[in-house]
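Enquirer: Based on what follows, work out the 3D shape:
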Amino acid sequence: MDQHYQEWSENAPRGLLLIGAGISVIGQAIVLKSRRKSTVVWFLFGLVGLILFNAGVSVFGEAVKHRTLYESKLGL
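Expert: I've put the predicted structure just below:
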């Protein structure tokens, strides 16, 4: 199997999982803020959520790069 295809098939699901987890944690931070919890608590939840979301976008972007390189080798 081509190295670029393998990288794509491993990173795409990881990226999507991280994006989903980040959005979920951000949503929880919004709920905590609306319930007037401590600023530190909802801020930290939001911060972790944003970190997860951005990591997911980065990993998924890397997967897209490898898929593009794989398809360019095949001439698609």
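Enquirer: now for the helix or strand where residue 44 lies, which elements pack on it?
Expert: Here residue 44 sits within helix 39-74, counting by DSSP states H and E. For helix 39-74, the helices and strands in contact under the criterion 3 or more Cβ pairs under 8 Å, 6 or more residues apart in numbering; DSSP states H and E are helix 3-34. The C-beta positions use only the backbone N, C-alpha and C, and glycine is treated the same way.
Enquirer: Can you spell out which helices and strands pack onto the helix it packs on?
Expert: Here helix 3-34 is seen to pack against helix 39-74 when contacts are counted using 3+ Cβ pairs under 8 Å, 6+ apart.
Enquirer: pLDDT averaged over the helix it packs on - what is it?
Expert: Within the predicted structure, the mean pLDDT of helix 39-74 is 96.
Enquirer: Run the chain-centre distance for the helix holding residue 44.
Expert: Helix 39-74 sits 3 Å away from the centroid of its parent chain (Cα atoms, centre = their mean, to the nearest Å).
Enquirer: so how far is residue 42 from residue 36?
Expert: The gap separating residue 36 from residue 42 is 9 Å, by Cβ to Cβ, to the nearest Å.
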